[in-house]
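*Asks:* fold the stuff below for me.
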Amino acid sequence: MIEAAIEEFLVAIDDATATIEAGRQGAGSATQEVYVAAHPWGFRLANVTAPVGIWHGALDRTIPVETAEYLADAIPGSRFRVHDDAGHLSLPVNYADEILSELLEVREP
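*Replies:* Now for the predicted structure:
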């Protein structure tokens, strides 16, 4: 139990550090993400035919795991992974090798 509390604390520090750095660079990216999330994308998720991998951190405090589950269910053939020890910003850092390996696997020749 203490290990889980320590891990959650470390993830929170990692998320806070990344958030501070992102804010230091300006609000442009965050503003763009909110815009994209709040407006129609111009296509249906059910019509996506490209290979899609969806990774999510169970400790994510920014986007609920249910959002990732919704995307995975809506996109035919998508691959969905949840890492119990990762948060919103720590997932791509801690699992970069796994993510990049999968991207290389699905890359067209």
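*Asks:* pLDDT of stretch 69-85, averaged?
*Replies:* Predicted confidence along stretch 69-85 averages 95 (mean pLDDT).
*Asks:* got the end-to-end distance for it?
*Replies:* End-to-end distance for stretch 69-85, by C-alpha to C-alpha, to the nearest Å: 17 Å.
*Asks:* so which residues of this structure form helices?
*Replies:* 2-24, 28-38, 65-74, 90-94, 96-106 (DSSP state H).
*Asks:* just the CA coordinates of the second one, formatted as PDB?
*Replies:* Provided in PDB are the C-alpha atoms of helix 28-38 (Å, rounded to 0.1, in the frame of the first residue of the first chain):
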ATOM      1  CA  GLY A  28      -1.300  27.900 -27.300                       C
ATOM      2  CA  SER A  29      -1.200  24.100 -27.200                       C
ATOM      3  CA  ALA A  30      -3.700  23.800 -24.400                       C
ATOM      4  CA  THR A  31      -6.100  26.100 -26.200                       C
ATOM      5  CA  GLN A  32      -5.800  24.100 -29.400                       C
ATOM      6  CA  GLU A  33      -6.500  20.800 -27.500                       C
ATOM      7  CA  VAL A  34      -9.700  22.300 -25.900                       C
ATOM      8  CA  TYR A  35     -10.800  23.600 -29.400                       C
ATOM      9  CA  VAL A  36     -10.300  20.200 -31.000                       C
ATOM     10  CA  ALA A  37     -12.100  18.300 -28.200                       C
ATOM     11  CA  ALA A  38     -15.100  20.700 -28.300                       C
END
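*Asks:* helix 65-74 and that helix, what's the angle between them?
*Replies:* 60 degrees (axes from the mean of the first three to the mean of the last three C-alpha atoms, to 10 degrees).
*Asks:* which parts of helix 28-38 are buried?
*Replies:* By neighbour count with 16 or more other C-beta atoms under 10 Å, helix 28-38 contains no buried residues. The C-beta positions use only the backbone N, C-alpha and C, and glycine is treated the same way.
*Asks:* I'd like the average pLDDT over that helix.
*Replies:* Here the average pLDDT along helix 28-38 is 72.
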